[in-house]
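Participant: Got a predicted model here, sequence first, then my questions.
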Amino acid sequence: MDVFLQSLISGILLGGVYALIGTGLTLIFGVMRVINFAHGDIQMVGMYLTYLLFVHAGIDPFVSVLITFPLMFLFGGLIQKVFINRVLDALPQNQILLTIGLGLIMSNTAMLIFTSDYKILTTSYSSGSVKLGGISISQPMTISFLITVAVTAALWWFLKKTDTGQAIRATAQDRDAAQLMGINVKRMSIIAFGLGSSLVATAGALIAPTYYIYPQVGAAFTLKAFVITVLGGMGSIVGAALGGIIIGISESMGAAYIGAGWKDVVVFALFLLVLLLKPSGLMGKSNA
Amino acid sequence: MTFSPSTRTGLSAGAALLLLAALAIVPRFVQSPYALHVLILIFLSTIMGQAWNILGGYTGQYSVGHAAYFGVGAYVTVSLMLHRQIAPWVGMWAGAAAVVVVALVIGSICFRLRGPYFVLASIAVTEIMRLVATNLKDLTNGAEGILATEIPPLKFGATVITDFGSKVPFYYIGLGLAVLTILVTWAVTHSKLGYCFQAIREDQDAAHSLGINPTLYKNIALAISAVLTSFAGAFYAIYVGFVDPPTVLGLDLSVQIVLICIIGGIGTIQGPMVGACILVPLSEILRSNAVPELLMKWGWMNGESGIGLFLKENLAHAHVLIYGILVVLVILYMPEGLVGFLRRVTRGRRAA
């Protein structure tokens, strides 16, 4: 029972970060119908940024989110304006290849600058944990979970209550109709890509204290982001948050009951099952 | 000058034969093992790109999971050679048989999906295979990989044809496989089968309503493509003498296979060859550190300066950078690939 509770709680804590990664991807997909294969690489950029801020300016990774978020918003917006914007009407395959190419450029540039060495960001609390009954709860994971909840709530409020947020949702619902209603869809696309990048980079900053940082770290997260968003339903924010938690739990359960080497197999098998049985995902529309 | 289509086919066949003859005598004049190595890699990339082309270029199914077939071909061939003393040129057929089974299983899963969902499913299946290969240590030796440097000599009766002491036999095997792959692609695309493939690529629903069974033909395309890819895997395994899950089953390899085609031009016979001839030398130049050395030689860069030392140290590690830059440029400025771009340019000139 302890093992079960332990993996459930670690799974949920990890799932919070996954939810952020998935929300970022689904926001980009919702507004532009572009599957961003560079998603994990943008997260990698966020991780290195956090690392640099910590090593050179001594800024705590959780505090540095305040700097990473706006910087990565600009980074994402720039990528959208310079590259993605030109292929919005192209074949989906070409959009995918363009983002794959951008991801390769990011990871190899990181390799050029930082070499392929693994960097570790050790804070005073990196391995700290709180004992609760027979269960140990990781301190950095708990803080990061709380931050993901706050960020997700803020995003929810932004999309529901502000004019810009509503314009973004309108663009996601029907690009042409939104344009006819006088919404600047190009600007919304830039904002959406910027926000998506900020969210995934925040996830990167949050896991930086408990994860290795290396140039190829993104690939695994890109794949996970797909699993999360397809599971929740492409384009659905609530679905992505739910998908993130589910994937977090299945991963930690898989590691506890089947073996650490097999946990990703569990995740991908789940992914294939969803693709085959309910490709629209848990929260997606049935005709999607 | 304009030629009738049949004359043009004759001319390109003649040009292809001339090129083949030239390539066949290269090892007589080129002694450098490194130059041969680069040519062998070009052959290997051509095989991989051309094999993908049958499914991705002609049938329109963008698989980003071709490492699965490459890896199975490589693992089966190497394992049979090490554990059952079966020569690789026999083992590769066992690998091909295994790959057909794998391909049909993967096809039955992935071909239910279209567009981006197909791409994602093809990645997921291949990732599962990589993870399984990493975890089944008894079968694959796990993440440590399999070392296979002892290749039995190729004999014809009692006469030893080659003992694989140099790169020359690999050169001819690579050339032979590349020619085989190109011939298969040519034959397929000029047959009824190929027209069915292209009909599915252009409009699957329309093809279906004309009586073409999309699932059947997609699976045929996948099987042909997968078998040819498995030959590339088998050839890679005996040439390099080492296989491990990330190099032969990794996502990087799958992406690289697609990029060879995209950069050259998908759905054309020349595309994968052009892509291979561009990508392999470029990434070798970066890998070999020739760029910083040249910059220093020309006096544009001081080897002792910070930037000089930095480039000398790191540029070689980032040779995949060129793949990224090229694919971005190609997608933005010539989405039909180099071959398509050149065709358009020459056609425009002819019309003018």
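Facilitator: Looks like it arrived, so ask away. Nothing here was measured: the structure is a model prediction, and the numbers come from that model. Numbers count the residues shown, from 1 in each chain, chains lettered A, B, ... in the order given.

Participant: so where do the strands sit in the stretch 51-200 of chain A?
Facilitator: Listed in chain order, the strands of the stretch 51-200 of chain A (DSSP state E, counting those that start in this stretch) span A:129-132, A:135-138.

Participant: Would you mind confirming that residue B:261 makes contact with residue B:270?
Facilitator: No. Checked against C-beta atoms under 8 Å, the pair residue B:261 and residue B:270 is beyond contact range at 11.1 Å. Where C-beta positions appear, they are placed from N, C-alpha and C, glycine not excepted.

Participant: what about the two, which has more around it?
Facilitator: A count of neighbours by other C-beta atoms under 10 Å in any protein chain shown puts residue B:261 above the other of residue B:261 and residue B:270, at 27 against 19.

Participant: Mind giving me the packing neighbours of the helix or strand containing the more buried one?
Facilitator: Remark: residue B:261 resides in helix B:251-264, with elements defined by DSSP states H and E. Helices and strands touching helix B:251-264, by 3 or more C-beta pairs under 8 Å, 6 or more residues apart in numbering or on different chains; DSSP states H and E, are helix A:92-114, helix A:217-232, helix B:33-53, helix B:67-84, helix B:115-135, helix B:270-287, helix B:321-333, helix B:337-351.

Participant: Could you export those helices as a markdown table, including distance to residue A:136?
Facilitator: Shown next, in a markdown table, are the helices and strands packed on helix B:251-264 (distance: least, C-beta to C-beta, whole Å):
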| stretch | distance to residue A:136 |
| --- | --- |
| helix A:92-114 | 32 |
| helix A:217-232 | 24 |
| helix B:33-53 | 48 |
| helix B:67-84 | 39 |
| helix B:115-135 | 27 |
| helix B:270-287 | 46 |
| helix B:321-333 | 42 |
| helix B:337-351 | 55 |
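
Participant: Least confident of those helices, on average?
Facilitator: The minimum mean pLDDT among the helices and strands packed on helix B:251-264 belongs to helix B:337-351 (a mean of 76).

Participant: packing partners for it?
Facilitator: Checking 3+ C-beta pairs under 8 Å, 6+ apart, helix B:337-351 ends up next to helix B:251-264, helix B:270-287.

Participant: switch to 10 Å and redo it
Facilitator: Judged by 3 or more C-beta pairs under 10 Å, 6 or more residues apart in numbering or on different chains; DSSP states H and E, helix B:337-351 is in contact with helix B:251-264, helix B:270-287, helix B:321-333.

Participant: among those, which is the most enclosed?
Facilitator: Highest mean neighbour count among the helices and strands packed on helix B:337-351 (mean count of other C-beta atoms under 10 Å in any protein chain shown): helix B:251-264, with a mean of 25.

Participant: Tell me which residue of chain B lies closest to chain A.
Facilitator: Chain B approaches chain A most closely through residue B:324 (3.0 Å), counting by C-beta to the nearest C-beta.

Participant: Excluding covalently adjacent residues, which one is nearest to that residue?
Facilitator: Excluding the flanking residues, the one nearest residue B:324 by C-beta to C-beta, 6 or more residues apart in numbering or on different chains is residue A:104, at 3.0 Å.

Participant: Is the one you found in contact with residue B:283, as I believe?
Facilitator: No. Residue A:104 is not in contact with residue B:283 according to C-beta atoms under 10 Å; the separation is 11.6 Å.

Participant: So for stretch B:329-345, what gets flagged as buried?
Facilitator: Of all the residues in stretch B:329-345, those buried under the rule 16 or more other C-beta atoms under 10 Å in any protein chain shown are B:330, B:331, B:332, B:334, B:335, B:336, B:337, B:338, B:339, B:340.

Participant: Let's have those in TSV, adding distance to residue B:213.
Facilitator: Listed next are the buried residues of stretch B:329-345 as TSV, based on distance: C-beta to C-beta, whole Å:
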residue	distance to residue B:213
B:330	34
B:331	32
B:332	37
B:334	34
B:335	30
B:336	29
B:337	29
B:338	34
B:339	31
B:340	29
